[in-house]
Structure formats: C-alpha cells, structure tokens
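Undergrad: this one's sequence-less:
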C-alpha cells in the first residue's frame, strides 16, 4: 500500500481492518478518522462482493483522507487482511466464555501502545449488522468492548473514532521511541503455526469432531497471550513436524511387522 507523503507519525504503520462493511459512507468516515489520528492503512474485507461506491466513500472521507480511499486494500477474507500484522485488536459487543477476555478501549490501548513502536498493529471492526464472528476474533490477540449505559450498538465510524483516539492518546502520553524493529510473529506466521499444531493434534487424536473448534480456539487464545517471536513460532512448527514424522514412521514400522 502506498503511504501518504506525510505518513511518518507514530501510528503510520498501524492499520484499520473493516470486515464486510455495509455502507460506503461508513468506510469513508472511518478513513477520515484514521487520517485524523495518523493511521495510514485501510483494509476492507469484502470477499467476492462488489466494491463499494468510491464517490460515496470520498464524500465522507473529504479531500484530506482521499489518499486512504484510493489506496484501500481489498481482501478476500480476514486472514488476508490480518497477515502482515503482529498484533490485532478485535472490537466487539458480543461476549461469551469462548471469546477473548474483553476490556475497555482505554485498557486495551494501554497494553497495545508500547507494541506500536516496533510492530504492526491493526484495529479490526465487524459489519454494522453482526460485528465480528468468532472466526474473525481468532486472528486477534486483544478484544475491546466500548462500555455504554444502555444501548450497546454504536455506529461503525464512532467505534473507529473511539479506538483510534484511545490508541493515539495512550501512545502520546507514554511515548515509546527507539524500540528496535519487531521480531514478533505476524498473523501469517501464526496461522502457519496453528495449522501445524492442528495437524499434529489430529495425528495423536487429541482433537475430535465434538471438541475440535473448542480446543483450537483455546490454544489460539493461550498462545496469543504469549506474544511469540518469529523464531518461537518456527520452533513450535518444527516440533509439530517432528511429531507427525515420528508418528508416520511408527505406524509404518508397525504395519511392516
């Protein structure tokens, strides 16, 4: 994605991910807000859907954020949008024992702000009608819920504004300059690791049809809290490959007897 010429701010390496947004105006408003707080990457997950009306987006973005609209990266799925980010905040009003522990935007951004200096961070938002699914939240290491007095539903652009503001404020209250380039595993690295873990656990019959999703989601949440480095994710993949190799050879030896 082509950066904005003035995009050297503290959040210029951060991104906004909108998953199946319904209205072009909300995308435009989100772009304007992102620009206000120095966030210069915008991803839209739209699968095979028709691309939103650019004129309607630009009307809400105004000329200041037009560069973000022109540079939107359209993605086939959430995995593609998440791939380059080390840390992702999923925003949700839905709760449940199988979801990440949710905190307020202010609490979450206090944790995330130090990571922006050396890592790529994204804020992920679901569609206006249904929010993020459990499968979308699987890509997130943090969950944020905006506290409200009664009616919990907020406009998509309002949710983007609150989270962008809290991240900007947390970073500027406690600047984290001089942090070296991150060697944290990004989402692409982590998804490869989770695939190997799943295959290895299938091999030893730990995962069964009735608990497969439950255990993999718990494993994702546990390892997501560890903030794994690239070499650590690679190590786990190596262990899984060796486990599968050993099992194949053991089975082969037993068959050949």
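TA: Great, that's in hand. Note that the structure is a prediction, hence the values are computed from the model and not measured.

Undergrad: Check whether the residue nearest the centre of the chain sits in a helix, strand or coil.
TA: Residue closest to the mean C-alpha point of the chain, counted by Cα atoms, centre = their mean, is residue 88 at 3.3 Å. Three-state assignment for residue 88 (DSSP: H, G, I helix; E, B strand; the rest coil): strand.

Undergrad: hang on, it packs against residue 122?
TA: Yes - at 4.8 Å, residue 88 counts as touching residue 122 under the criterion of Cβ atoms under 8 Å. In this view, the C-beta of every residue, glycine as well, is placed from N, C-alpha and C.

Undergrad: on that earlier part again, the residue nearest to the centre of the chain and residue 140: what is the separation?
TA: To residue 140, residue 88 is 5 Å away according to Cβ to Cβ, to the nearest Å.

Undergrad: anything in contact with each of the two?
TA: Residues touching both residue 88 and residue 140 (Cβ atoms under 8 Å, 6 or more residues apart in numbering) are residue 124.

Undergrad: Spit out the residues that contact residue 88 and residue 122 alike.
TA: With Cβ under 8 Å, 6+ apart, residue 88 and residue 122 have common neighbours 17, 82.

Undergrad: which ones are touching residue 34?
TA: Counting by Cβ under 8 Å, 6+ apart, residue 34 touches 16, 40, 42, 65, 68, 160, 164.

Undergrad: Those residues in strands, which ones?
TA: If you go by DSSP state E, the contacts of residue 34 have 16, 42 in strands.

Undergrad: So which of the contacts of residue 34 is the closest to residue 102?
TA: Using Cβ to Cβ, residue 160 is the member of the contacts of residue 34 that lies nearest residue 102, at 17.3 Å.

Undergrad: Just give the closest residue to the closest one, not the sequence neighbours.
TA: Leaving aside its chain neighbours, residue 160 sits nearest to residue 30 (4.5 Å; criterion: Cβ to Cβ, 6 or more residues apart in numbering).

Undergrad: now swap in residue 186 and tell me
TA: Closest residue in space to residue 186, ignoring its immediate chain neighbours: residue 86 at 4.9 Å, by Cβ to Cβ, 6+ apart.

Undergrad: ditto for residue 196
TA: Per Cβ to Cβ, 6+ apart, closest to residue 196 is residue 240, 4.0 Å.

Undergrad: Give me the local confidence score for that neighbour.
TA: pLDDT recorded at residue 240 is 90.
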